[in-house]
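Novice: Quick one, what's the 3D model for this:
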Amino acid sequence: MSQDKNHHPRNHNPTPDDELRQQLGYLNLPFMREHCEELLRQAAEHQWSHADFFRRLVEGETAARQDRARQRRIQQARFPVLKTLEQFDFTWPAKINRLAVQDLFRLKFIEDKANVVIVGTVGLGKSHLCIALGHAAATAGFAVRFTTAVDIVNTLAAAQNAGRLVQEIRRYTRPQLLVVDEVGYLPIDKHGADLLFQVISQRYETGSIILSTNKVFKHWPAIFNNDATLTSAILDRILHHAQTIVIEGKSYRMKDRIEP
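Specialist: Prediction:
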């Protein structure tokens with residue numbers, strides 16, 4: 001038996017508010033879409049002008065978009081963990097220039113396309129400072145890539161074998177800041193040193209590098225297969241516009257065993 005048309009449920013017509021939310025979603029304005037009604041109530045309660053209401057909407061949308069971009073830059077940087085300067089224990093190293101370290105967090109060296117080299121033995125917080133500086137840079141709006149020296153070599157060697165070396169090198173040359181941790185922890189053969197040199201050479205005076213190493217510069221030839229010529233070329237490009245932070249002391253990771 002056919003059903004009377006009059007008994008069909010009434011079609012739902014979208015309200016002006018529904019249409020507004022759909023339009024804000026279409027324009028990719030999620031903050032405005034989610035908070036428009038709330039701000040409308042506040043505007044009525046506090047008698048905001050139209051300009052004040054609109055300004056608060058735009059400020060909220062801008063802040064939300066900036067936060068999403070900041071989180072995206074931090075994710076793309078590929079930090080193994082997140083560290084901040086506030087978490088660094090300046091009381092542990094026997095020697096560290098605290099004022100020089102704090103000055104680096106102004107990030108002026110990135111604007112100048114200069115480099116930072118952090119030198120110290122194992123367990124003194126070099127990686128912590130590298131990550132903290134990289135995180136501060138990403139938060140401030142700079143494109144950052146974190147990696148280790150061995151990872152660069154292995155990744156580029158695989159890319160070269162696959163015929164993708166040029167494309168892969170761009171991953172290390174495009175960001176405004178490249179953080180290279182653990183230079184010197186493992187020896188690098190001639191081929192690997194040549195690949196690392198390509199990255200450093202292409203970034204020379206075009207982008208900043210933060211580099212951590214457990215070896216003083218006079219011992220760097222041992223890192224690169226005792227190739228003095230290549231080592232000299234690498235150091236020349238890194239140190240030409242660079243600030244060096246030297247950390248001395250005992251390993252922080254051995255702190256509980258060392259202290260009585």
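
Novice: Show me what the longest helix along the chain is packed against.
Specialist: Among all segments of the chain classified by DSSP state H, the helix with the greatest residue count is helix 50-77. If contacts are counted by 3 or more C-beta pairs under 8 Å, 6 or more residues apart in numbering; DSSP states H and E, helix 50-77 sits against helix 30-46, helix 126-140, strand 144-148. Just so you know, the C-beta spots here come from the backbone N, C-alpha and C atoms, and that holds for glycine as well.

Novice: Between these, which one is closest to residue 219.
Specialist: Distances from residue 219 to each of the helices and strands packed on helix 50-77 were compared using C-beta to C-beta; the shortest belongs to helix 126-140, at 15.7 Å.

Novice: List the buried residues in the closest one.
Specialist: Of the residues in helix 126-140, those buried under the neighbour-count criterion (16 or more other C-beta atoms under 10 Å) are 126-138.

Novice: would you list the residues you listed in TSV and tack on distance to residue 157?
Specialist: Output for the buried residues of helix 126-140, formatted as TSV (distance: C-beta to C-beta, whole Å):
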residue	distance to residue 157
126	25
127	23
128	29
129	28
130	23
131	25
132	30
133	28
134	24
135	28
136	31
137	28
138	27
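
Novice: Helices along this structure, start to end?
Specialist: Counting by DSSP H, the helices of the chain are 16-26, 30-46, 50-77, 98-104, 108-111, 126-140, 149-161, 165-173, 190-203, 228-239, 255-258.

Novice: could these go into TSV alongside mean pLDDT and distance to residue 120?
Specialist: Formatted as TSV, the entries for the helices of the chain read as follows, by pLDDT from 0 to 100; distance: least, C-beta to C-beta, whole Å:
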stretch	mean pLDDT	distance to residue 120
helix 16-26	81	51
helix 30-46	89	44
helix 50-77	92	22
helix 98-104	98	12
helix 108-111	98	19
helix 126-140	97	5
helix 149-161	97	16
helix 165-173	97	24
helix 190-203	96	21
helix 228-239	96	16
helix 255-258	52	15
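
Novice: Just say which of those is most tucked in.
Specialist: With neighbours defined by mean count of other C-beta atoms under 10 Å, none of these is more surrounded on average than helix 126-140, at a mean of 22.

Novice: Restricting to C-alpha, output it in CSV.
Specialist: Extracted in CSV, the C-alpha atoms of helix 126-140 (Å, rounded to 0.1, in the frame of the first residue of the first chain):
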residue,chain,number,x,y,z
LYS,A,126,75.8,18.2,22.5
SER,A,127,72.8,16.5,21.0
HIS,A,128,70.5,18.2,23.5
LEU,A,129,71.7,21.6,22.4
CYS,A,130,71.5,20.7,18.7
ILE,A,131,67.9,19.6,19.1
ALA,A,132,67.0,22.5,21.3
LEU,A,133,68.5,25.0,18.8
GLY,A,134,66.7,23.2,15.9
HIS,A,135,63.4,23.2,17.8
ALA,A,136,63.7,26.9,18.6
ALA,A,137,64.4,27.6,14.9
ALA,A,138,61.4,25.5,13.7
THR,A,139,59.2,27.3,16.3
ALA,A,140,60.4,30.7,15.1
